[in-house]
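1. Sequence plus predicted model, see below.
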Amino acid sequence: MKNQNFKNHAKLVTGFHGVLFVALVALLAGSVYHLFRTTSENLYLASLMVLIAIILFLMAWYVRTFPLKAQDRAIRAEENMRHYVMTGKLLPSDLRMSQIIALRFASDDEFLPLMEKALKENLSAKEIKSSIKSWKGDHYRV
């Protein structure tokens, strides 16, 4: 696998992030257009088309967010274990989930100092990731 770094760690799936999104936008736009252009006898069908488009948007949103929440829980557990192995203590409760997710890319040598800096300076995930010098790739998260 290709080495990950700050510039190439984000992963976009063309079929999901591109094609599906464009298709859903086209469906919603077309169904709303049809709803406003329809006659009263086709109003029910046109309304159903808009409702279906909205339902599909919601499904696409939740199909994406539910697995990400499960991955976030796994990352929290992994990084909590990593911190415990290094220090004998659990992760500080002040760390935000976004900070923990960003810290997973830090090598073991950088993890603790960067975590302290993130807590002290309230670093964002982007600031944490850009501070990492020795990147530890995560090839499993989509």
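-> Good, I have the coordinates. Just so you know, these numbers come straight off a predicted model, no measurement behind them. Numbering: from 1, shown residues only.
2. So residue 20 sits against residue 57, correct?
-> No. Checked against CB atoms under 8 Å, the pair residue 20 and residue 57 is beyond contact range at 10.2 Å. Where C-beta positions appear, they are placed from N, C-alpha and C, glycine not excepted.
3. And the spatially most central residue of the chain, how close does it get to residue 94?
-> Centroid check for the chain by CA atoms, centre = their mean gives residue 68 as the closest residue, at 6.0 Å. Separation of residue 68 from residue 94 (CB to CB, to the nearest Å): 22 Å.
4. What is the helix ranked longest in the chain packed up against?
-> Using DSSP state H to define each element, the chain has its longest helix at helix 43-87. Contacts defined by 3 or more CB pairs under 8 Å, 6 or more residues apart in numbering; DSSP states H and E place helix 43-87 against helix 21-37, helix 97-103, helix 108-121.
5. Can you give me the buried ones in the first one?
-> Think helix 21-37. The neighbour-count check on helix 21-37 (16 or more other CB atoms under 10 Å) flags 24, 27, 28, 31, 35 as buried.
6. Stretch 82-102 now?
-> 82, 83, 91, 95, 99, 100, 101, 102.
7. what's the residue in the chain sticking out farthest from the centre sitting at in phi/psi?
-> Distance from the C-alpha centroid of the chain peaks at residue 41, with 43.2 Å (CA atoms, centre = their mean). Reported as degrees, to the nearest 10, the phi and psi values for residue 41 are phi -70, psi -20.
8. and the gap between it and residue 84?
-> Where residue 84 is concerned, residue 41 sits at a distance of 67 Å (CB to CB).
9. same thing with residue 124?
-> Remark: distance between residue 124 and residue 84 (CB to CB) = 25 Å.
10. Low-confidence regions, this structure specifically.
-> Low-confidence segments of the chain, defined by pLDDT under 70: 1-2, 5, 7-8, 139-142.
11. now stretch 38-58: how far from the chain's centre is it?
-> Distance, stretch centre to chain centre, for stretch 38-58: 30 Å (CA atoms, centre = their mean, to the nearest Å).
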